[in-house]
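Asker: give the three-dimensional model of this entry:
(one chain, ligands or ions: 2)
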Amino acid sequence: MRRLTLRVLALALAISVLFVAVWAAQDKEEVEATWTVEGCWIDLTVVPPAVDLGSSINGEDLERLSANDVAVESNCKWIVEIREDDGKIIYKGDYPDPNKPVSDFKWRMNGTAEYKDLSASDQQVTEGGPGSYKFSMDYMVDIRLTDPPGKYAAQLIYTGTTP
Ligand SMILES: [Ca+2]
Ligand SMILES: [Ca+2]
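Answerer: Ligands and ions are numbered 1, 2, ... in the order given. The predicted structure follows:
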């Protein structure tokens, strides 16, 4: 009886030692994960790619609000600029080309007060920092007495840059 008790005690002790040994076991390794972001990136989207300002019937100026939606995503500071591709308005009609100046076409960010004249050189539309941005553009065209009947087109070039 006593031997049995001793054996049980010994076994219990062995088990408890084993448990202590298992529960106390621990090991740690530290890993440092590193990476690099190489430089600035910018993603510019302007939709739709074609915009119709409508028809001027009695010589009235034409305006279209929120004609284009612009989206910018960048991990750096950025600017968006606008220009006319070659500084010439395309004219298609039966009359001689009136060589309508591109400055007769006006643009502004929707929500801002004043229209600016389109130009063949880049003009800053807006700027921002890292993140995702959306805004829309209003267009206006000054119809003049010197504009003969026909179809007119301006090619707007948007450029996004991280200076
Ligand atoms: Ca042009
Ligand atoms: Ca006018």
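
Asker: pLDDT value on the residue positioned nearest the centre of the chain, please?
Answerer: In the chain, the C-alpha nearest the mean C-alpha coordinate belongs to residue 72, at 1.3 Å (CA atoms, centre = their mean). pLDDT recorded at residue 72 is 98.

Asker: list the contacts for it?
Answerer: By CB atoms under 8 Å, 6 or more residues apart in numbering, the contact set of residue 72 is 42, 43, 44, 45, 78, 80, 128, 132, 133, 134, 160. Backbone N, C-alpha and C define where each C-beta goes, glycine included.

Asker: can you list phi and psi of the first one for me?
Answerer: Taking degrees, to the nearest 10, you get phi -150, psi 140 for the backbone angles of residue 42.

Asker: how far away is it from ligand 2?
Answerer: 36 Å (CB to the ion, to the nearest Å).

Asker: enumerate every residue touching that residue.
Answerer: So residue 42 contacts 72, 73, 74, 76, 78, 160, 161, 162 (CB under 8 Å, 6+ apart).

Asker: how about 6 Å then?
Answerer: Residues in contact with residue 42 (CB atoms under 6 Å, 6 or more residues apart in numbering) are 74, 78, 160, 162.

Asker: any of these buried? List them.
Answerer: Among the contacts of residue 42, those scoring as buried are 74, 78, 160 (criterion: 16 or more other CB atoms under 10 Å).

Asker: nothing else from me, thank you.
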